[in-house]
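Peer 1: Just need the structure, nothing else, for what follows:
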Amino acid sequence: MTMQAPTLQNSKTPATMCTENGCSSVAAFSYVWPWGAPGACCQAHRLHVQQRSTNLDRGPINFVAIDPHYVPPITRDERTQLIAAKMSVEQDLADVKARSAELYAHHTKSTAEARRLATLNAELVSQVGDLKATCDRLVSERDAARADTATAQLELERVKAMLPVDPQAK
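Peer 2: Coordinates of the predicted model:
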């Protein structure tokens, strides 16, 4: 398990840590040695650093309190990267908006076509119902005509049976 550096309260900026050996406290002061080396120390080690400077006979060190809410300004490279990332995101957003508009137009056309087809389907279902009723009526008329024809055929056979048969007609 890796140990993460503490961060400043309400910030994602990592806190400056005390540079004294064995100390894991957040630094409260920054300083620069007379030879130019920077450092940072917590409240407890401020006096130790000042005594070390005096013992080395290097003169006093000026301590500057570290503002816990200070965010260092971004560098030119960081600004360039942020601008490039912003431009990339803006282009992606424009592409997504264009695709969204295209999909919306396609959806609108598809919805209109679905409504048209639903109306056409309802009309065709109605026509099929009318045609089935007509077919049923025609079938019943045909069946009635067949029944009438069968009745007429039986009547004709009965009448033929009553008529005298002419032997020479054959």
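
Peer 1: need the helices for the protein, in chain order.
Peer 2: With DSSP state H as the criterion, the chain has helices at 46-55, 76-162.

Peer 1: Outside of the shortest one itself, list whatever touches it.
Peer 2: Outside helix 46-55, the residues that touch it by CB atoms under 8 Å, 6 or more residues apart in numbering are 20, 28, 29, 31, 33, 34, 39, 41, 59, 60, 61, 63. All C-beta spots, glycine's among them, are computed from the backbone N, C-alpha and C.

Peer 1: Tell me the confidence at the residue of the chain most remote from its centre?
Peer 2: Centroid-distance maximum for the chain: residue 168 at 99.9 Å, with CA atoms, centre = their mean. If you check residue 168, the pLDDT there is 71.

Peer 1: who's in contact with it?
Peer 2: By CB under 8 Å, 6+ apart, residue 168 lies in contact with nothing.

Peer 1: Tell me the spacing between it and residue 161.
Peer 2: 19 Å (CB to CB, to the nearest Å).

Peer 1: ditto for residue 39
Peer 2: 139 Å.

Peer 1: And residue 23, how far from residue 52?
Peer 2: Distance from residue 23 to residue 52, by CB to CB: 14 Å.

Peer 1: do residue 24 as well
Peer 2: 20 Å.
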